[in-house]
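J.: What would the 3D arrangement of this be:
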Amino acid sequence: MNVIVVGVDGSDHSLAALRYALSLARDGDAVVRVVTAWHVPSLTYAAGVVTGDLAAELEEAATQAQEDALTAAASATDGLTVQRSVQEGDAGHVLVAESESADMLVVGSHGHGEIGELVLGSASHYCCRHARCPVVVIPHGALVVS
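T.: Modelled structure (predicted):
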């Protein structure tokens, strides 16, 4: 295995996904590409309150969430090559695009349930349907120890 892409958004389930990806990378001597997506919610545009400052703040928050996750999993990164990517866009689309050249994509599941996913959408479901590499979904509530 050469490249493992993992989605990180600052949530506990994404931290579990990160720890799992790092453990796989250690076992397979792979590069881990940590990807965090951010976007300005569409309702914000409709309300006419989007400013350059808001976009910058959201990007900064995404960068900080990624940094915090990597800090929390720091002991598991020793000796591994970890690449970082923070991009504007829908999480599912960004992760699928990043996984085009990967051997595996690892994501966490929010655990909204079937109805919640219909209303809110699901990046993990989108990735499972559209990624061209194997996708590992860490279920809501799973504890992954690195």
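J.: In this structure, what helix or strand scores lowest on average pLDDT?
T.: The weakest-scoring helix or strand in the chain, judged by mean pLDDT, DSSP states H and E, is helix 113-120 (a mean of 43).
J.: Next secondary structure after the biggest helix by length in the chain?
T.: Determined from DSSP state H, the single longest helix within the chain is helix 52-72. For helix 52-72, the following helix or strand on the C-terminal side (DSSP states H and E) is helix 74-77.
J.: Export only the CA atoms of that next one, formatted as CSV.
T.: Provided in CSV are the C-alpha atoms of helix 74-77 (Å, rounded to 0.1, in the frame of the first residue of the first chain):
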residue,chain,number,x,y,z
ALA,A,74,1.1,12.5,17.4
SER,A,75,2.6,9.3,18.9
ALA,A,76,1.1,7.2,16.1
THR,A,77,2.8,9.5,13.4
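J.: Give the buried residues for that helix.
T.: Judged by neighbour count using 16 or more other C-beta atoms under 10 Å, the buried positions of helix 74-77 are 76-77. All C-beta spots, glycine's among them, are computed from the backbone N, C-alpha and C.
J.: And the next helix or strand past that helix?
T.: By DSSP H and E, the next helix or strand past helix 74-77 is strand 82-88.
J.: Direction-wise, compare that following strand with helix 52-72 and give the angle.
T.: 160 degrees (axes from the mean of the first three to the mean of the last three C-alpha atoms, to 10 degrees).
J.: Contacts for strand 82-88, please.
T.: 31-39, 55, 59, 62-63, 66, 70, 94, 98 (C-beta atoms under 8 Å, 6 or more residues apart in numbering).
J.: what angle do the helix or strand just after it and strand 82-88 make?
T.: Following strand 82-88 in sequence order, the next helix or strand is helix 91-98 (DSSP H and E). Here helix 91-98 points in a direction 130 degrees away from that of strand 82-88 (the same axes, to 10 degrees).
J.: How far off centre is the helix or strand that comes right after helix 91-98?
T.: Once helix 91-98 ends, the next helix or strand along the chain (criterion: DSSP H and E) is strand 104-108. Strand 104-108 sits 8 Å away from the centroid of its parent chain (C-alpha atoms, centre = their mean, to the nearest Å).
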